[in-house]
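In: Predicted model and sequence follow; I will ask about them next.
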Amino acid sequence: MLDKPKAARRPRTSLVAGGAGFVGSHLCDRLLAEGHRVLCVDSYLTSSPETVAALDNHPNFRRIEHDICQPLALDEAVDEIYNLACPASPPLYQADPFHTMMTSVVGTGNLLQLAARHGARFLQASTSEVYGDPLQHPQQEDYWGNVNCTGPRACYDEGKRAAEALCFDSLRLGQVDARVVRIFNTYGPRMQPNDGRIVSNLIVQALKGEPLTIYGDGEQTRSFCYVSDLVEGLRRLMAVDPNPGVPVNIGNPGEFTILELAEMVLALMPTRSALIHRPLPADDPQRRRPDISRAEGLLGWRPQVSLAEGLPRTIDWFRATLGATAPLVRR
Ligand code: NAD
Ligand code: UDP
């Protein structure tokens with residue numbers, strides 16, 4: 001007797017809000033490589049369709065131009081939603097603070113409602129900024145933070161805190177299987193050259209032979225995670241069963257002062273650039289390093305790419321993208 005033909009299995013459908021951005025584009029690549037169908041929802045506020053142009057002919061990829069502050073309705077099945085939509089660079093999120101706050105609050109609310117209607121799993125891209133200028137070091141997830149709710153960073157920090165509250169309320173109410181990742185400074189290819197963040201600024205300035213801008217004395221610290229490590233963490237948190245029900249830090253615990261980072265860039269690039277100091281922006285956090293024991297325990301995750309490995313890869317990408325031809329010097 002002939003076997004009945006098996007019903008073709010529908011690929012898992014992942015919606016990536018902010019999918020044309022720096023992190024989102026890498027996540028789209030990864031999901032497509034895993035055989036998912038990907039709906040990339042983006043308003044192109046801090047990106048452009050160019051970032052994902054290479055995916056446009058992929059049969060499992062579709063772009064939807066949409067601002068998540070507006071409700072979104074979809075006819076097709078959606079199995080999981082990643083909410084990465086939000087400007088992440090301080091000058092860009094401060095350019096239109098009302099819209100930044102609404103993106104995190106109204107936008108996350110809209111996507112949670114979409115997830116509830118579709119029975120989709122939900123992953124919210126939160127941030128180390130929920131810890132503000134932290135009084136605990138390194139930062140563990142049970143630290144409630146030190147955020148100035150009236151300062152220029154509040155539109156981002158408080159918006160992300162409200163988005164976390166919406167996610168955990170949706171979970172408690174049994175409406176959405178929502179998960180929250182707190183992302184620490186992430187870098188890599190496809191950062192926007194002009195978005196004002198430290199890694200892109202220093203590399204672009206060195207490529208152009210311009211002074212490297214150091215805000216304040218440069219003794220403030222950050223911990224830099226390579227983008228492929230972050231994407232691995234996002235996938236693991238979305239997949240883990242049962243839902244941990246708590247936020248999870250994803251970041252690289254290697255901690256560097258901004259001056260140390262600038263020295264690393266100078267050591268890797270032949271440039272006439274020198275350092276120039278500029279005023280420290282208001283409420284700029286002094287120290288930041290993730291405690292990743294929760295990610296290690298729950299997800300078996302730890303970063304694989306050190307700054308010494310990831311920085312040259314990122315410089316190579318900027319050099320190729322910006323058309324500079326001088327060879328990379330590794331001292
Ligand atoms: P990004 O600016 O490159 O990407 C954000 C994307 O969201 C862009 O494509 C932008 O056009 C889109 N977007 C913004 N507002 C939108 C709206 N209202 N509707 C639809 N699309 C909108 O930033 P990124 O570095 O890729 O960050 C991605 C996410 O990760 C953000 O939510 C950010 O807060 C979070 N995060 C990133 C970092 C980091 O270091 N990269 C650190 C902490 C948290
Ligand atoms: N910074 C700097 N020069 C620059 C851009 C940023 O010294 O050209 C500093 C900034 O003041 C902060 C750190 O680098 O202390 C990281 O800045 P970024 O905007 O990348 O991220 P965030 O402050 O959100 O962590």
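Out: Done, it's in. Numbers count the residues shown, from 1 in each chain. Ligands and ions are numbered 1, 2, ... in the order given.
In: Tell me which helix or strand comes right after the helix ranked longest in the chain.
Out: If you go by DSSP state H, the chain has its longest helix at helix 154-172. Counting by DSSP states H and E, the element after helix 154-172 in chain order, helix or strand, is strand 178-183.
In: Which strands border that following strand, and is each parallel or antiparallel?
Out: strand 121-127 (parallel), strand 248-250 (parallel) (DSSP bridges).
In: residues in contact with it?
Out: Strand 178-183 is contacted from outside by 23, 112, 115, 121-128, 130, 141, 164, 167-168, 170-171, 225, 230, 233-234, 237-238, 243-244, 247-251, 290, using C-beta atoms under 8 Å, 6 or more residues apart in numbering. C-beta coordinates here come from the backbone N, C-alpha and C atoms, glycine included.
In: follow-up on the earlier one: which one of the strands paired with strand 178-183 is the most hemmed in?
Out: strand 248-250 (a mean of 26; mean count of other C-beta atoms under 10 Å).
In: That one near ligand 1 at all?
Out: No - Strand 248-250 is not in contact with ligand 1 by C-beta under 6 Å from any ligand atom; minimum separation 9.1 Å.
In: who touches that strand?
Out: With C-beta under 8 Å, 6+ apart as the criterion, strand 248-250 contacts 128, 139-141, 179-184, 225, 229-230, 233-234, 237, 290-292, 294-295, 298-299, 301.
In: on that earlier part again, ok, which of the strands paired with strand 178-183 comes nearest ligand 2?
Out: Across the strands paired with strand 178-183, ligand 2 has its closest neighbour in strand 121-127 (8.2 Å, C-beta to the nearest ligand atom).
In: all strands for the stretch 201-331 of the chain, in order.
Out: Under the criterion DSSP state E, counting those that start in this stretch, strands of the stretch 201-331 of the chain are mapped to 212-215, 221-223, 225-226, 248-250, 255-257, 275-278.
In: Of all those, which one is nearest residue 284?
Out: Among the strands of the stretch 201-331 of the chain, the nearest to residue 284 by C-beta to C-beta is strand 212-215 (6.6 Å).
In: So which elements touch that closest one?
Out: Packing partners of strand 212-215 (3 or more C-beta pairs under 8 Å, 6 or more residues apart in numbering; DSSP states H and E): helix 198-208, helix 258-268, strand 275-278.
In: Deepest in the core, which of these is it.
Out: Of the helices and strands packed on strand 212-215, the one with the most neighbours on average (mean count of other C-beta under 10 Å) is helix 198-208, at a mean of 21.
In: Give me the angle between it and helix 258-268.
Out: For helix 198-208 against helix 258-268, the angle by axes from the mean of the first three to the mean of the last three C-alpha atoms, to 10 degrees is 40 degrees.
In: is ligand 1 contacted by helix 198-208?
Out: No - using C-beta under 6 Å from any ligand atom, helix 198-208 never reaches ligand 1; the gap is at least 8.8 Å.
In: quick revisit: how about CSV for the strands of the stretch 201-331 of the chain, with distance to ligand 2 added?
Out: Putting these into CSV (distance: least, C-beta to the nearest ligand atom, whole Å) gives the following:
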stretch, distance to ligand 2
strand 212-215, 4
strand 221-223, 5
strand 225-226, 12
strand 248-250, 14
strand 255-257, 9
strand 275-278, 7
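In: Enumerate the residues of this structure near ligand 2.
Out: Residues of the chain lying near ligand 2 (C-beta under 6 Å from any ligand atom): 89-90, 185, 197-198, 201, 213-215, 220, 222, 258, 281, 284.
In: where does the chain have low pLDDT?
Out: 1-8, 324-331 (pLDDT under 70).
In: Can you name the residue of the chain nearest ligand 1?
Out: Counting by C-beta to the nearest ligand atom, the chain gets nearest to ligand 1 through residue 21 (2.1 Å).
In: Contacts only, for that residue.
Out: 42, 46, 47, 51, 84, 85, 88.
In: Give me the subset of those residues that lies in helices.
Out: Among those, no member falls in helices (criterion: DSSP H).
In: Present these as a markdown table; the columns should include neighbour count and distance to residue 70.
Out: Shown next, in a markdown table, are the contacts of residue 21 (neighbours: other C-beta atoms under 10 Å; distance: C-beta to C-beta, whole Å):
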| residue | neighbour count | distance to residue 70 |
| --- | --- | --- |
| 42 | 27 | 13 |
| 46 | 20 | 18 |
| 47 | 21 | 18 |
| 51 | 21 | 22 |
| 84 | 24 | 17 |
| 85 | 27 | 12 |
| 88 | 24 | 21 |
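In: Closest one of those to residue 34?
Out: residue 84 (17.1 Å).
In: distance of the residue lying closest to that closest one once chain neighbours are set aside from residue 293?
Out: Nearest residue to residue 84, sequence neighbours excluded (C-beta to C-beta, 6 or more residues apart in numbering): residue 18, at 3.5 Å. Residue 18 sits at a distance of 28 Å from residue 293 (criterion: C-beta to C-beta, to the nearest Å).
In: of those two, who's got more company?
Out: The neighbour comparison of residue 18 against residue 293 (other C-beta atoms under 10 Å) goes to residue 18, with 28 against 14.
In: hang on, the earlier thing: of the strands of the stretch 201-331 of the chain, which is nearest residue 57?
Out: Closest to residue 57 of these is strand 225-226 (C-beta to C-beta; 27.7 Å).
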